[in-house]
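**Q** Predicted coordinates and the sequence they were generated for:
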Amino acid sequence: MNAKTPARSQRRAPSVADGRDARRDRDLLYGLYRQLWRVRHFEESIGRLNKQGKILGGVYSGRGQEAIVVGTIYGLRRDDKVAPVHRDMGAFLVKGMSARQMMSQIMARASAPSRGKDSWTHTGDLEIGVIGSTSMLASSMPIAAGVALAGRMLGRDSVAVCYFGEGSTARGDFHEALNFAGIHRIPCVWICENNQYAYSTPPALESAVPFYKKGEAYGMPSCAIDGNDVLEVYDTTMAAVERARRGEGGTFVECVTYRMDGHSEADQANYRDRAEVERWAEKDPIGRYRRYLLDHGFDEADLPEPPPDVVQEVRDAVEFAQNSPLPEGHEAAEDLFDESAGVTHWATPYPNYVRTPWLGR
Ligand SMILES: Cc1ncc(C[n+]2csc(CCOP(=O)(O)OP(=O)(O)O)c2C)c(N)n1
């Protein structure tokens, strides 16, 4: 990896004590640890539910990549926006959507934010700054640029943080968004999650240049960092966010990481060798961060694996979702139009809605 280290001033988080040592605020350090576990434990429980046949649709695990969503979102404000994609289940949780909401979403229940119309991460909540995600890779990038620009036009200093896999840097939307953002110094931080594979395609077959160079090409400071080091991710993002708030424009951050599971739960990932997987397992973001905390003033007892409140939250979310009904057929045609704009929806109830026999409901 042709990593380029950002300037020291860009790596520092203005809001925390100086340097990567125990002088950092203890609440911040533990908060990051707890969120890492929250994301992992939530996703692990999805894996179990999926094996039990209780999940509708695909499952795209972010195991091994938790430090990116946690490190980039933990220091954001409520009015900042995030635009996550399929691998970023944790982004929804860390930005403020509840475990109940997301578990209902994954199980396509009527209680879900999309009210059972879709599953996985195809949802959002603009009240807390989560831009809705869809299956079309990179399609949210021009939207994130537009949302960040809108904030500035309204005189606010909020920023947007936009996520995409390294494979998505080949898409036209990526280039259009970055070109526009570069020209207009749009306050959006671009987080490239380089997890070494776009499905089965390795970086050497995805791009002729290191991914962060594509940010440079559009005139913004760009760097590649260790995406499995939550403090490095936090520092870099916070510096980029502060820069964007000051009106100096966006930053491109390539977070180098590894997708520990297959592309989806259906993928055995036989295209990679065992030694490579084992090498990356040693860099697990949670185990590594835990060792760091133990070296810096925390005791074993301070760092449960996972924290009990996290276990409780996830258990409650699973129960809530399982006890929630699936949507009724007529609900399929609701919420499709913005009626406040004077358009009434054409909903026809579906009285003959047939329940899906293979689901047993
Ligand atoms: C425009 C578009 N093309 C193809 C797909 C199918 N697809 C879904 S995920 C994926 C791989 C994406 O790789 P990357 O962007 O590196 O993200 P990762 O899955 O590795 O996190 C592909 C090809 C899609 N969803 N959208």
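**A** Alright, I've got the coordinates.

**Q** Please make it C-alpha for all contacts and neighbour counts, starting now.
**A** OK.

**Q** residues touching Ser200, list them.
**A** Neighbouring residues of Ser200 by Cα atoms under 8 Å, 6 or more residues apart in numbering: 263, 269, 271.

**Q** now, which of these sits nearest the ligand?
**A** His263 (5.9 Å; Cα to the nearest ligand atom).

**Q** you'd agree the closest one is in a helix?
**A** No. Using DSSP: H, G, I helix; E, B strand; the rest coil, the secondary structure at His263 is coil, not a helix.

**Q** Hmm, Tyr60 and it touching each other?
**A** Yes. Using Cα atoms under 8 Å, His263 makes contact with Tyr60 at a distance of 6.3 Å.

**Q** These two - which one has more neighbours?
**A** Shown here are His263 and Tyr60; by other Cα atoms under 10 Å, Tyr60 has more neighbours (23 against 19).

**Q** so where's the stretch 251-361 of the chain shaky on pLDDT?
**A** 341-361 (pLDDT under 70).

**Q** Flag every residue of it that's near the ligand.
**A** Counting by Cα under 6 Å from any ligand atom, the stretch 251-361 of the chain comes close to the ligand at His263.

**Q** Try it again at 8 Å.
**A** Listed as neighbours of the ligand in the stretch 251-361 of the chain under the rule Cα under 8 Å from any ligand atom: 259, 263.

**Q** And Ala144, how far from Glu193?
**A** In this view, Ala144 and Glu193 are 16 Å apart by Cα to Cα, to the nearest Å.

**Q** do Lys117 as well
**A** On the measure of Cα to Cα, Lys117 and Glu193 end up 28 Å apart.

**Q** Between the two, tell me which one has more neighbours.
**A** More crowded of Lys117 and Glu193, by other Cα under 10 Å: Glu193, with 26 against 20.

**Q** That one in helix, strand or coil?
**A** Applying three-state DSSP: Glu193 is strand.

**Q** Let the chain start at 59 from now.
**A** Happy to do that; since the first residue is 59 now, the last one works out to Glu251.

**Q** so what's it up against?
**A** 126, 221-224, 285, 312-315.

**Q** ok, and the most crowded of those residues?
**A** Ile126 (32 neighbours).

**Q** surely that residue meets Asn286?
**A** Yes. Applying Cα under 8 Å, one finds Ile126 in contact with Asn286, separated by 7.2 Å.

**Q** Identify the contacts common to the two.
**A** Cys313.

**Q** Spell out the residue ranges of the helices in the protein.
**A** 66-69, 84-109, 124-131, 147-153, 157-164, 198-211, 230-242, 270-274, 288-303, 332-339, 343-353, 366-381 (DSSP state H).

**Q** Can you tell me which of those helices is most buried?
**A** helix 124-131 (a mean of 29; mean count of other Cα atoms under 10 Å).

**Q** ok, it near the ligand or not?
**A** No. Shown here: helix 124-131 not in contact with the ligand (Cα under 8 Å from any ligand atom), separated by at least 11.8 Å.

**Q** avg pLDDT for that helix?
**A** Mean pLDDT, helix 124-131: 98.

**Q** Can you name the residues in contact with it?
**A** Here helix 124-131 makes contact (Cα under 8 Å, 6+ apart) with 90, 93-94, 97-98, 146, 148-149, 152-153, 219, 251, 285-293, 295-296, 313, 343-344.

**Q** and if you look at stretch 171-190?
**A** 114-117, 136-144, 146-147, 150, 153-155, 159-160, 163-168, 191-193, 202, 384-385, 390.

**Q** Mark which of the residues you listed are buried, thanks.
**A** Burial by neighbour count, 16 or more other Cα atoms under 10 Å: within these this picks out 114, 117, 137-144, 146-147, 150, 153-155, 159-160, 163-168, 191-192, 202, 384-385, 390.

**Q** Roughly how far does the residue nearest the centre of the chain sit from Val127?
**A** Nearest residue to the geometric centre of the chain (Cα atoms, centre = their mean): Asp146, 2.9 Å. With distances taken as Cα to Cα, Asp146 is found 7 Å from Val127.

**Q** Over to stretch 346-364 now: how far is its first residue from its last?
**A** End residues of stretch 346-364 are separated by 14 Å (Cα to Cα).

**Q** just how off-centre is stretch 276-285 within its chain?
**A** 18 Å (Cα atoms, centre = their mean, to the nearest Å).

**Q** Just the CA atoms of that stretch, as CSV, please.
**A** Only the C-alpha atoms of stretch 276-285 are listed here, as CSV (Å, rounded to 0.1, in the frame of the first residue of the first chain):
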residue,chain,number,x,y,z
TYR,A,276,-10.0,16.2,-7.6
GLY,A,277,-8.0,18.6,-5.6
MET,A,278,-8.6,17.6,-2.1
PRO,A,279,-6.2,16.5,0.7
SER,A,280,-6.1,12.7,0.5
CYS,A,281,-4.5,10.0,2.6
ALA,A,282,-4.5,6.3,3.2
ILE,A,283,-4.7,5.3,6.9
ASP,A,284,-4.9,2.1,9.0
GLY,A,285,-8.6,1.5,9.0
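
**Q** Can that stretch be said to contact the ligand?
**A** No. Stretch 276-285 is not in contact with the ligand by Cα under 8 Å from any ligand atom; minimum separation 13.1 Å.

**Q** average pLDDT across that stretch?
**A** For stretch 276-285, mean pLDDT is 98.

**Q** Alright, that wraps it up for me.
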